[in-house]
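1. Build me a structure from this.
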Amino acid sequence: MRRHATVFTRWSRVAMAIVPLFFVLSCTENLPNGPNTFGATIKISVPHDTLVVGDSSVAQAVATDDNGRTIQSLLFTWTSADPTIVGIANPAAAAADNASGGRTMILIGRRTGRSVVTLALPDPRFVVTNVPRTETVVVGGVRILSTRDSTLTAVNDTAIAVAAGLVRSNGALVTRASQGIRWIHRGTHTSVVGTGDTIRYIARSNGADTLIATHDFCLITAKCADTAIVRVSQQLTMSLSSRAFRSWSFSDSVGPTVTIADRRGNGAPGTSVRFVPVTALDSTVAIVSAAVGTSNLSTGLVASPRLIATRNDSALVRVFGIGSDGVTIVGTDSITDIVRQVARRVQVEPLRAVVTVIDSIPYRALARDARGAVIVDGATVTTSAAGITINTVFVGPNPPGSTSTQGTLTPNLTGIALPQANPLAPQVPVIIDQALIALVPFNGVTAGTPVIATMTVLDSNGVAATGSYVRFRTSAGVAPDSVQVGANGVAAVVWTPPIIPGPYTLTGVRGAPAPLFGSDSSVRTVLQQSVVVVAAGSPDPTRSTVTVSPTSIAANATATVTVTAKDVSGNVVTTATPADFTITSTRGAISGTTCTLGVCTSTYTAPATTGADSVSVKMLGVQIVFSPVALNITP
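-> Residues are numbered from 1 along each chain as shown. Modelled structure (predicted):
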């Protein structure tokens, strides 16, 4: 009985043990009762949807029935749309469980981006929809590994910028290349080449740019951008093509080619060059012009001033290279200009003139440099004359009886202004310009007769002074208007001297631009012509006069009749004779007519009877002035 009881008891215990086991199994699967298939819902449970590259996250698969009760002990499958972004691995701690059911998986961030992780329940007992979940893989920050502040000192200089993303390694964030870094370039002073972790930036112009390394997939709480400042600041140097110059003529323009550039030969906008004479004396030897030429940024060539020679001596001039700000001096140097005029022409001025043999005009012998400037220092010019007399600084008058019709003045140059005295100067033969003076006689002209004077006018270079003017003055009377020199260098003027007999002179002076340039001579008389005005050859009745003295005469007494013979201009005709007029009286008698230097006298004898009488004087049948003269004959 006890044995049976014992056996029963033992079986009962086993049964009791088995019954709970089935109950437990039933509770573990928690399967609903009913048809062959059941409705269920599955989901993915993860701590977060974002992973840092190199980090991992444990994902749980959860299934519930229609009543919301968890169904356990099911078999799940996991897939990743892009395993290179999100990888899936079984956790070691649940290897046995995962080997049979895959209820726990580890999501691993492999590279940045997004991938869909899908959970599926392939159990045919359940009607269920696969569950997707988007996982985002990011970097834990962005860091620039190269310098964050760099300066390029020449255009086209190149440097690199390197950045990397932060990834998880052994629980810490470390930099790792090739994580998809993106660069933002702000500014125009550099150009950027390349993409990814390493880019190259190239200097283009002075200024600062900003380079920002960032990432499109970055942890929100992390530093997702890092900044580098790139500066372009050219280090410029100034160079001169030459530092010593020689000027052989006044107004010569000399100067070096000036380059302001960085070490790669690139210029900078706004740079300039300034010339400053060292002393006040230097500034009188060579004056500084404004900048000439065009700057070339590609070569650093800068438009520069020039030195213009103004005096024989040596000038020392400082050269300053000025930066684009107009203040900073990037380079200092000096140049020297030695000015030594060398003769190109030697001449006697005026080169052409018309002069009366009794007159004289000023002349000057001089030498000129290649630009026409007079050489005062170092040129000795002597003059030899032929056919005309030199009198200190005047040429003429010629001695009485001279028969010359042209005088020639020939210059001769000596001194250090000769080309051969300056071996470094251009060895060009000196041109000798002779002065040719046309000599005209001192003639008489009849009053009222115009005089025509023709002259050749040359400029200081010995060519026709076409377009210039000759201005006139006279010793008396009205001077003619100015005349312009024609294309052949000839000018002509018509001059009417005063009608009063006597000597008169007309002077013509070649005009000059105002102000007077140094290349023009101050000796400008091109005409000095004198004439003597004489009365016309024939008396004129409208100008000749008659007087009788006295006009009251006793019978048979006498009076003097005076006739003054004058020409049409009112001048006394000194050559007049009694044949030039006729004298008659109404009742008296005329006798004894004589003429002396244009004044003719006759004797009038009154009639024997008292009363009126008259004396009449005619020339060419025309009464002269005051004729007839009324007389009164008294007892």
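2. residue ranges with poor pLDDT in the stretch 1-150 of the chain?
-> By pLDDT under 70, the weakly predicted segments of the stretch 1-150 of the chain are 1-35, 91-101.
3. those helices in it, which residues are they?
-> 2-29, 95-100 (DSSP state H, counting those that start in this stretch).
4. same question, the stretch 251-400 of the chain
-> Using DSSP H, counting those that start in this stretch, helices in the stretch 251-400 of the chain cover 280-285.
5. Flag the shaky bits of this structure, pLDDT-wise.
-> For the chain, the stretches flagged by pLDDT under 70 are 1-35, 91-101, 512-522.
6. Show me the domain layout of it.
-> According to automatic domain parsing, the chain is divided into the following domains: 1-30, 38-138, 142-232, 240-339, 345-370+384-534, 545-634.
7. Turn those into JSON lines, columns for distance to Gly378.
-> All C-beta atoms are positioned from the backbone trio N, CA, C, and that covers glycine. JSON lines is the format used below for the domains of the chain (distance: least, CB to CB, whole Å):
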{"stretch": "domain 1-30", "distance to Gly378": "127"}
{"stretch": "domain 38-138", "distance to Gly378": "87"}
{"stretch": "domain 142-232", "distance to Gly378": "50"}
{"stretch": "domain 240-339", "distance to Gly378": "7"}
{"stretch": "domain 345-370+384-534", "distance to Gly378": "4"}
{"stretch": "domain 545-634", "distance to Gly378": "57"}
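8. Just tell me which of the ones you listed ends up closest to Asp377.
-> Among the domains of the chain, the nearest to Asp377 by CB to CB is domain 240-339 (4.8 Å).
9. can you give me how far the closest one is from the chain middle?
-> Mean-position distance between domain 240-339 and its chain equals 15 Å (CA atoms, centre = their mean, to the nearest Å).
10. Now tabulate the domains of the chain in JSON lines and tack on mean neighbour count.
-> Converted to JSON lines, those look like this (neighbours: other CB atoms under 10 Å):
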{"stretch": "domain 1-30", "mean neighbour count": "10"}
{"stretch": "domain 38-138", "mean neighbour count": "17"}
{"stretch": "domain 142-232", "mean neighbour count": "17"}
{"stretch": "domain 240-339", "mean neighbour count": "17"}
{"stretch": "domain 345-370+384-534", "mean neighbour count": "17"}
{"stretch": "domain 545-634", "mean neighbour count": "17"}
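11. dump the residue contacts of Ile361.
-> 350, 353, 355, 394-396, 437, 525, 528 (CB atoms under 8 Å, 6 or more residues apart in numbering).
12. Now do it against Leu620, distance only.
-> From Ile361 over to Leu620 the distance is 45 Å, taken as CB to CB, to the nearest Å.
13. what do you get for Asp82?
-> Taking CB to CB as the measure, Asp82 falls 141 Å from Leu620.
14. What of Ala438?
-> 41 Å.
15. repeat for Ile358
-> According to CB to CB, Ile358 stands 37 Å off from Leu620.
16. same deal with Thr547?
-> Thr547 is 20 Å from Leu620, by CB to CB.
17. Check Gly87 too.
-> Relative to Leu620, and taking CB to CB, Gly87 is found at 147 Å.
18. and the closest residue to Val395 other than its chain neighbours, what does it touch?
-> Residue nearest to Val395 in three dimensions, not counting chain neighbours: Tyr363, with 4.6 Å by CB to CB, 6 or more residues apart in numbering. By CB under 8 Å, 6+ apart, the residues touching Tyr363 are 348-350, 383, 390, 393-395, 409, 435, 523.
19. let's go with 10 Å and repeat that
-> By CB atoms under 10 Å, 6 or more residues apart in numbering, the contact list for Tyr363 reads 348-350, 353, 383, 385, 388, 390-396, 409, 435, 437, 521, 523, 525.
20. One more: Ser402?
-> If you count contacts by CB under 10 Å, 6+ apart, Ser402 has them with 357, 387-389, 396, 439.
21. Distance of it relative to Gly621?
-> Counting by CB to CB - Ser402 and Gly621 are separated by 48 Å.
22. do the same with Ala163
-> 130 Å.
23. Am I right that Gln420 sits in a helix?
-> Yes - under DSSP: H, G, I helix; E, B strand; the rest coil, Gln420 sits within a helix.
24. any idea how far Phe126 is from it?
-> 122 Å.
25. Tell me what the spatially closest residue to Gln434 that is not a sequence neighbour is bridged to.
-> Once flanking residues are discounted, Gln434 sits nearest to Thr410: 5.2 Å by CB to CB, 6+ apart. Counting by DSSP bridges, Thr410 is bridged to Ser384.
26. repeat for Leu307
-> Bridge pairing for Leu307 - DSSP bridges - gives Val254, Val288.
27. That one and Gly255 touch, don't they?
-> Yes - at 5.5 Å, Leu307 counts as touching Gly255 under the criterion of CB atoms under 10 Å.
28. Could you tell me which residues touch both of the two?
-> Shared contacts of Leu307 and Gly255 (CB under 10 Å, 6+ apart): 245, 275, 286, 288-289, 317, 335, 337.
29. Return the residues in contact with Ala557.
-> Contacts of Ala557 by CB under 10 Å, 6+ apart are 550, 588, 604-606, 633-634.
30. Pop out the phi and psi values for it.
-> Per-residue torsions, Ala557: phi -90, psi 180 (degrees, to the nearest 10).
31. Roughly how far does it sit from Asn130?
-> Ala557 is 176 Å from Asn130, by CB to CB.
32. Then Leu166?
-> To Asn130, Leu166 is 34 Å away according to CB to CB.
33. Over to Pro400?
-> From Pro400 across to Asn130, the span is 143 Å (CB to CB).
34. what does Thr175 give?
-> Per CB to CB, Thr175 is found 38 Å from Asn130.
35. what's the answer for Ser45, then?
-> For Ser45, the distance to Asn130 - CB to CB - is 16 Å.
36. what do you get for Val376?
-> Val376 is 111 Å from Asn130, by CB to CB.
37. that older thread, tell me which of the contacts of Ala557 is nearest to Gly113?
-> For these, the minimum distance to Gly113 (CB to CB) is 150.7 Å, reached by Pro550.
38. tell me the contacts of that closest one?
-> Neighbours of Pro550 in contact, by CB under 10 Å, 6+ apart: 557-560, 631-632.
39. would CSV of the residues you listed with distance to Thr227 be doable?
-> Output for those, formatted as CSV (distance: CB to CB, whole Å):
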residue, distance to Thr227
Ala557, 141
Thr558, 138
Ala559, 134
Thr560, 131
Leu631, 134
Asn632, 136
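40. between those, which is closest to Gly448?
-> For Gly448, the nearest member of the contacts of Pro550 is Thr560. The distance, counting by CB to CB, is 31.4 Å.
41. That closest one bridge partners, please.
-> Taking DSSP bridges as the rule, Thr560 bridges to Ser549, Thr603.
42. quick one: it and Val548 touch, right?
-> Yes - Thr560 lies in contact with Val548 (CB under 10 Å); the separation is 7.3 Å.
43. what sits opposite the residue minimising distance to the centre of the chain in the beta ladder?
-> The centre of the chain sits closest to Val292, judged by CA atoms, centre = their mean, with a distance of 6.0 Å. Val292 has these beta-bridge partners by DSSP bridges: Ser304.
44. Can you name the residues that contact it?
-> By CB under 10 Å, 6+ apart, the contact list for Val292 reads 253, 255, 303-306.
45. Then Thr505?
-> Neighbour list for Thr505: 356, 358-359, 473-476, 497, 527-531 [criterion: CB under 10 Å, 6+ apart].
46. now the strands for the stretch 151-300 of the chain?
-> Applying DSSP state E, counting those that start in this stretch to the stretch 151-300 of the chain gives strands spanning 158-169, 172-176, 182-186, 190-193, 198-203, 207-214, 225-232, 237-240, 244-247, 253-254, 258-261, 272-277, 286-288.
47. any chance of those in TSV, with distance to Met455 too?
-> Formatted as TSV, the strands of the stretch 151-300 of the chain follow (distance: least, CB to CB, whole Å):
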stretch	distance to Met455
strand 158-169	76
strand 172-176	98
strand 182-186	79
strand 190-193	73
strand 198-203	71
strand 207-214	70
strand 225-232	71
strand 237-240	52
strand 244-247	36
strand 253-254	36
strand 258-261	51
strand 272-277	45
strand 286-288	37
